[in-house]
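Novice: I would like to see how this sequence folds:
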Amino acid sequence: MVERRPDKTEVEGSIPSSPTMKIIVKAKPGSQKRKLEKVDEHNYIISVTEPAMEGKANAAIIKLLAAHFDVAPSLVEIISGHMARTKVIEIH
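Specialist: Got it, this is the predicted structure:
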């Protein structure tokens, strides 16, 4: 009898990977109102009212993107540009 090997979806503990998307965001902290503007498929301009101090603007950007893409904020991650206006963000 030939032993059958389980495929990846049958292996206990394996989780199918979800698609991720990387976008580039130009941040505008300290703006008068919140705004998310899509420039093209991978580039966005995001204005937030929070200042660029102690991660407040980054947290607001994450919340705004999570609401826009209808995902939990924990699935939005700043990959690079934590202290810069141009950021690379990954959405899981």
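
Novice: what about the strands in this structure?
Specialist: 21-28, 35-40, 43-47, 76-80, 86-91 (DSSP state E).

Novice: let me see the contact set for the nearest residue to residue 35 once chain neighbours are set aside.
Specialist: The spatially closest residue to residue 35, leaving aside those adjacent along the chain, is residue 47, at 4.3 Å (CB to CB, 6 or more residues apart in numbering). Any C-beta I mention is one placed from the backbone N, CA and C, and that applies to glycine too. Residue 47 is in contact with 28, 31, 33, 34, 35, 36, 37, counting by CB atoms under 8 Å, 6 or more residues apart in numbering.

Novice: mind checking which of the residues you listed are buried?
Specialist: residue 28 (16 or more other CB atoms under 10 Å).

Novice: need the contacts of residue 47 in CSV with pLDDT, can you?
Specialist: Formatted as CSV, those follow (pLDDT from 0 to 100):
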residue, pLDDT
28, 96
31, 96
33, 95
34, 94
35, 95
36, 96
37, 96
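
Novice: from the contacts of residue 47, which is closest to residue 85?
Specialist: residue 28 (7.5 Å; CB to CB).

Novice: so what's that closest one bridging to?
Specialist: residue 47 (DSSP bridges).

Novice: ok, now how distant is it from residue 72?
Specialist: 24 Å (CB to CB, to the nearest Å).

Novice: centre of the chain versus stretch 59-76, how much separation?
Specialist: 6 Å (CA atoms, centre = their mean, to the nearest Å).

Novice: what about that stretch, average pLDDT?
Specialist: Taken as a whole, stretch 59-76 has a mean pLDDT of 96.
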